[in-house]
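Visitor: build me a structure from this.
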Amino acid sequence: MSFATLKTGIDGLDGILGGGIRYPDDGAAFVCLAGGPGTGKTLLALELIVRAWLDGADGATFLYYSVEHTPESIHKKLASDFDWFRSGARIATQPREVPGKQVLLAESPHGTTKLVTTQARPASMQQKSARGTTIDIEWILAEIENHRLVDPVQLVVIDNVGLLLTDLEYFEKRAALLEVRRRLLESRIHGIFVMEEAHPRDLRLPSAEEFSTDLMIHLSFREEATDFKARAIEISKARHQYYYRGVHHFSIAGRGITRDVYLGARNERGPGIHIYPSVAAQLSMARDQAQFTVPARGDHAIDLGHPDLDAAFLRDTGPALRSSTVLLAEPGTRATFLALRFLAAGLRQGERVLFVSTREDRDAIRRICQREPVLRDVCLGPDGRFAPDFRVVYLHPEFIAPGKFTWDLMRLCQGGHDRGQPRPVARMAFDNLFRLQDRFPLIVEQRFLIAAMLDMLRYEGITPLFVDMVPPGTNGGGSDFDPSPYLVGFDNVLHLYFARQGNDQAPRFRVLKSVGNDYHTDDRPIDWRRS
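Guide: Numbering: from 1, shown residues only. This is a model prediction of the structure:
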């Protein structure tokens, strides 16, 4: 048996599905979207069918049936709130022929496709005196056959399918849904059922919808320790494919999103649903895409941006390309300045670099670059703005999931969120890691987050430098600071501190660890502005 793949057009969803919805190439895909009220089931179903419609083959028909929503309300929501997901297709509305039905035509480079939205009125909701046709599963199947006589039908969505079957017992309901599956399968039409769960699922008896579908997607709200409810999505069943297990998060962005705020709740790339795989899933994806081949570190030492740091290494050794470095900085040490010098060294070699800051905003970084001659000419242009290859991102406090944090950061490293042709960065500096969860409260496992980021940056071929704050007096044993987590995770660990010299305190540093390199083990002085 061979398989085909149905792309959803939502990159995060295709990601956790290993590329899309897989199904036997002589059949069709069947999906159930389940969840409680307000979790986003209908919006996800609409986006799936609209993206398929706008990307469909010439002459194809797509059918959407909804119990709760009128065709007019669906049309307004898609046009006003989501701008048809910025497809660029020309959308035209056909003259209304019958109540409760609307036909939309889309003209795109692929040709002309048709979306028919129908409001279903099941018998259980129909008053005896109400006008209009009672629409049930049998009526829908008959209409699908009528449409097939005119044009090929590619995808059918039945929203809140359970309301069409409320007058049936469990086994009758299961038999009806299996019959829908069989009829669509014979015609090679993809199907999506949307099911609302008013109560937690009874695990002893799988739902009828679950029996009749190949892919089960659950949407929910998860209450975090901060009393913040995050949107969550989970694949609970996938019959024909490998998928990335676990709880992933997603957000819904409307038409008026703000796109110039990085790593924020409203910095989405466009309207619609944006799914962010968990950090563990993203790490697995990176490893799978690389086929577990870890990019080798460079063979030669790179310029760390400061001669005192470079001189701490012996016999032409030192941190190499794609090796990770962390500066453990006591208060008052100029770790931010050193991180900027690290990036300036890359700029001089024609590299593109990224500076991510959790404590200094863009204006503060620009003023540092203006004041310091070693930075000014390379980090700033003639107009005083940041050089084109020097990207600066200031992280505002945000309630975003860890998966969104790493997903957006990796997109920035790949050159995304940028005007023009994306160009990946070669060096990244992150200032700083200290209590990251205070700015991003949903990040509760910071150690794993950093470890996963280091691996993903390595797979991207990026040379990172991180800054973290440590208590004063760590060099003289005046605190209980334990550097072992850094020694385990980073290739190079440098400690910045002040040593007392008479009545003064002199800045010094020492190398605590550097994999594969020879270095001075004693404390060494550092002159911040030495060129």
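Visitor: drop to CA atoms for contacts and neighbour counts, all remaining ones
Guide: Will do.
Visitor: my read is that residue 424 contacts residue 389, right?
Guide: No: applying C-alpha atoms under 8 Å as the test, residue 424 and residue 389 come out as separate, 9.9 Å apart.
Visitor: what's the first helix or strand after the host helix or strand of residue 285?
Guide: Here residue 285 sits within helix 279-289, counting by DSSP states H and E. Counting by DSSP H and E, the element after helix 279-289 in chain order, helix or strand, is helix 307-311.
Visitor: partner strands of whichever helix or strand comes after that next one, parallel or antiparallel?
Guide: The helix or strand immediately downstream of helix 307-311 is strand 313-314, counting by DSSP H and E. Sheet pairing here is set by DSSP bridges, and for strand 313-314 it gives strand 518-519 (antiparallel).
Visitor: so for the strand it pairs with, what's the average pLDDT?
Guide: What strand 518-519 shows for mean pLDDT is 97.
Visitor: need the longest helix for this protein.
Guide: Criterion DSSP state H: the longest helix present in the chain is helix 170-186.
Visitor: which parts of the following helix or strand past that helix are buried?
Guide: The helix or strand immediately downstream of helix 170-186 is strand 190-196, counting by DSSP H and E. Judged by neighbour count (16 or more other C-alpha atoms under 10 Å), strand 190-196 contains these buried residues: 190, 191, 192, 193, 194, 195, 196.
Visitor: what of stretch 500-509?
Guide: 507, 508, 509.
Visitor: of those residues, closest to residue 174?
Guide: Closest approach between the buried residues of stretch 500-509 and residue 174, by C-alpha to C-alpha: residue 509, at 69.6 Å.
Visitor: residues of the helix holding residue 285 that come out buried?
Guide: Buried, per 16+ other C-alpha under 10 Å, within helix 279-289: 279, 280, 281, 282, 283, 284, 285, 286, 287.
Visitor: out of those residues, who's nearest residue 358?
Guide: Nearest member of those to residue 358, counting by C-alpha to C-alpha, is residue 279, at 19.9 Å.
Visitor: now that closest one: closest residue in space, sequence neighbours ignored.
Guide: Once flanking residues are discounted, residue 279 sits nearest to residue 403: 4.9 Å by C-alpha to C-alpha, 6 or more residues apart in numbering.
Visitor: SS state for the one you found?
Guide: What DSSP: H, G, I helix; E, B strand; the rest coil gives for residue 403 is helix.
Visitor: distance of it relative to residue 249?
Guide: Counting by C-alpha to C-alpha, to the nearest Å, the separation of residue 403 from residue 249 is 7 Å.
Visitor: got the contact list for the closest residue to residue 401 other than its chain neighbours?
Guide: Closest residue to residue 401 apart from its sequence neighbours, by C-alpha to C-alpha, 6+ apart: residue 442 at 5.6 Å. Residues counted as contacts of residue 442 (C-alpha atoms under 8 Å, 6 or more residues apart in numbering) are 224, 226, 399, 400, 401, 402.
Visitor: list buried members of the residues you listed by neighbour count.
Guide: Using 16+ other C-alpha under 10 Å, the buried ones in the contacts of residue 442 are 399, 400, 401, 402.
Visitor: could the residues you listed go into CSV alongside pLDDT and distance to residue 471?
Guide: Formatted as CSV, the buried ones among the contacts of residue 442 follow (pLDDT from 0 to 100; distance: C-alpha to C-alpha, whole Å):
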residue, pLDDT, distance to residue 471
399, 89, 27
400, 90, 28
401, 92, 28
402, 95, 26
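Visitor: contacting residues around the one helix or strand residue 104 maps to?
Guide: Counting by DSSP H and E, the element that carries residue 104 is strand 101-108. By C-alpha under 8 Å, 6+ apart, the residues outside strand 101-108 that reach it are 53-55, 71-72, 88-96, 112-119.
Visitor: hang on, the earlier thing: mind listing what's buried along the longest helix of the chain?
Guide: For helix 170-186, the buried set under the neighbour-count rule, 16+ other C-alpha under 10 Å, comprises 173, 174, 175, 176, 177, 178, 179, 180, 181, 184, 185.
Visitor: and those residues, which two are furthest apart?
Guide: Across these, the longest distance by C-alpha to C-alpha is 18.3 Å; it joins 173 and 185.
Visitor: domains of the chain?
Guide: 28-229, 307-525 (automatic domain parsing).
Visitor: any stretches of the stretch 101-250 of the chain with poor pLDDT?
Guide: 122-134, 166-168, 170, 198-212 (pLDDT under 70).
Visitor: can you give me the strands for it?
Guide: Here the stretch 101-250 of the chain has its strands, by DSSP state E, counting those that start in this stretch, at 101-108, 111-119, 153-159, 190-196, 215-223, 229-238, 247-253.
Visitor: of the ones you listed, which is nearest residue 36?
Guide: Each of these was scored for nearness to residue 36 using C-alpha to C-alpha, and the closest is strand 190-196 (5.5 Å).
Visitor: what pairs with the closest one, parallel or antiparallel?
Guide: Here strand 190-196 is paired, per DSSP bridges, with strand 30-35 (parallel), strand 153-159 (parallel).
Visitor: what's the spacing between that strand and its chain's center?
Guide: Remark: strand 190-196 is offset 24 Å from the chain centroid, using C-alpha atoms, centre = their mean, to the nearest Å.
Visitor: and stretch 374-390, by the same measure?
Guide: Its chain's average C-alpha position is 30 Å from that of stretch 374-390, according to C-alpha atoms, centre = their mean.
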